[in-house]
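# what follows is a protein structure lacking sequence information:
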Ligand SMILES: [Zn+2]
């Protein structure tokens, strides 16, 4: 995995696309070019974790046509610390997320009375514990797991990944007084052990993979898991394109237009719209404009055909609608 100094535009979550996939350890038996694999090797790798049946419901609650799920990955200083070489400057830049970005985002959500899910590395919350009460104040929001210190879970051995995740759940539960049911991988990627760990720990939904626009059931080695996937997408993330130093920088107002197009098609198809933002990115004055424009567009275009929900609410709704049953132990 490259260092942030080498890729300064990646101020938030994981490395997108192929770079992110590079971080995933390749099983020893297949550590050679794909054209030298047997079909058995291909199947072993591809079927390890795969999208199963679609969980798109016939309709969303209250007859809504589309579900809109806003999520905020509250990384703050953990992004500066995770590689072990934080600087005063990078820590200050990331503290902005807790100090200014999050309160600004919460004010906007309050103004529109919208729910959201906050995926928080537990170290991030421990550094600014007041964020817990601020997020809880409206009674609408959900807490989700986002690693202990935004560790690159996809590169860790089973024992380390498992220990960090257990610690993250215990600390987030203690700091918020609530038991989280959902997981978002800090790297938006799985190690060969991640799904085993999530199943062992009793998570009810996952939100880091990208195999669909709709919710779906995760399969492990071809077998249903009962775990709901609420898929994300780099198209619907602020981090890759909002950094003014980034090679792929785009004007936030132009990005808002892309998000509106995504929403319009989700509405037309009766699907789901999942947006991932970061307080240290979208909490800035010129960036929150994109979110404000998007919310105004969704309200004006979708109106009562929109179901605004937390990730947990959506996961439980589709679980029930699809008669998925409880998550299955492996
Ligand atoms: Zn993150």
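Sure, I can see it. As the structure is a computational prediction, the values presented were derived from the model and not from experiment.
# phi, psi for the residue sitting furthest away from the middle of the chain please.
Relative to the centre of the chain, and counting by C-alpha atoms, centre = their mean, the farthest-placed residue is residue 36 at 34.3 Å. The phi and psi torsions at residue 36 (degrees, to the nearest 10) take the values phi -100, psi 0.
# give the contact list for it.
Contacts for residue 36 were tallied using C-beta atoms under 8 Å, 6 or more residues apart in numbering; there are none. Just so you know, the C-beta spots here come from the backbone N, C-alpha and C atoms, and that holds for glycine as well.
# pLDDT score for it?
At residue 36, the pLDDT value in this model is 95.
# quick one: it and the ion, what's the gap?
Distance from residue 36 to the ion, counting by C-beta to the ion, to the nearest Å: 35 Å.
# quick one: average confidence on stretch 113-130?
Summarised as a single mean, pLDDT over stretch 113-130 is 98.
# same check, this time on stretch 251-259
If you average the pLDDT over stretch 251-259, you get 95.
# begin at 277 from now on, thanks
Noted, 277 is the first residue going forward, which turns the last one into stretch 527-535.
# now what about it, what contacts it?
Here stretch 527-535 makes contact (C-beta under 8 Å, 6+ apart) with 511-512, 514, 517-518, 551, 562-563, 565-567, 569-570, 573.
# let's see it at 10 Å
Stretch 527-535 is contacted by residues 511-514, 516-518, 526, 549, 551, 557-558, 560, 562-574 when judged by C-beta atoms under 10 Å, 6 or more residues apart in numbering.
# got a ChimeraX select line for the buried ones in those?
Applying 16 or more other C-beta atoms under 10 Å to those, the buried members can be selected in ChimeraX as follows:
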select :512,513,514,516,517,518,549,551,557,558,560,563,564,566,567,569,570,571,573,574
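# inside strands: which ones of the contacts of stretch 527-535?
549, 551 (DSSP state E).
# which of the contacts of stretch 527-535 fall within helices?
When DSSP state H is applied, the contacts of stretch 527-535 are split such that 516-518, 557-558, 562-574 fall in helices.
# just to revisit the earlier point, and the ion, which of the contacts of stretch 527-535 contact it?
When C-beta under 5 Å from the ion is taken as the criterion, no member of the contacts of stretch 527-535 contacts the ion.
# which residues of the stretch 477-606 of the chain fall in strands?
Using DSSP state E, counting those that start in this stretch, the strands of the stretch 477-606 of the chain run over residues 481-482, 492-496, 499-505, 548-553, 582-585.
# dump the ones you listed to JSON lines, plus mean pLDDT.
Rendered in JSON lines, the data for these read as follows (pLDDT from 0 to 100):
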{"stretch": "strand 481-482", "mean pLDDT": "98"}
{"stretch": "strand 492-496", "mean pLDDT": "98"}
{"stretch": "strand 499-505", "mean pLDDT": "98"}
{"stretch": "strand 548-553", "mean pLDDT": "98"}
{"stretch": "strand 582-585", "mean pLDDT": "98"}
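# out of those strands, flag the one nearest residue 443.
Between residue 443 and the strands of the stretch 477-606 of the chain, the tightest spacing by C-beta to C-beta is seen for strand 481-482, at 18.9 Å.
# show me what the closest one is packed against.
The helices and strands touching strand 481-482, judged by 3 or more C-beta pairs under 10 Å, 6 or more residues apart in numbering; DSSP states H and E, are strand 418-421, strand 458-459, helix 470-477, strand 499-505, helix 587-597.
# swap the cut-off to 7 Å and go again
In this structure, strand 481-482 makes packing contacts with strand 499-505, helix 587-597, judged by 3 or more C-beta pairs under 7 Å, 6 or more residues apart in numbering; DSSP states H and E.
# how about the ones you listed in TSV, adding distance to the ion and mean neighbour count?
Formatted as TSV, the helices and strands packed on strand 481-482 follow (distance: least, C-beta to the ion, whole Å; neighbours: other C-beta atoms under 10 Å):
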stretch	distance to the ion	mean neighbour count
strand 499-505	18	20
helix 587-597	15	21
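# out of those, which gets nearest to residue 346?
Closest to residue 346 of those, according to C-beta to C-beta: helix 587-597, at 9.2 Å.
# residues contacting the residue nearest to residue 592 when sequence neighbours are not counted?
Sequence neighbours aside, residue 480 is the residue nearest to residue 592 in space, at 7.4 Å (criterion: C-beta to C-beta, 6 or more residues apart in numbering). If you count contacts by C-beta atoms under 7 Å, 6 or more residues apart in numbering, residue 480 has them with 457, 458, 504, 591, 603.
# need the phi and psi values for residue 480.
Residue 480 has phi and psi values of phi -100, psi -20 when expressed as degrees, to the nearest 10.
# repeat for residue 390
Taking degrees, to the nearest 10, you get phi -110, psi 140 for the backbone angles of residue 390.
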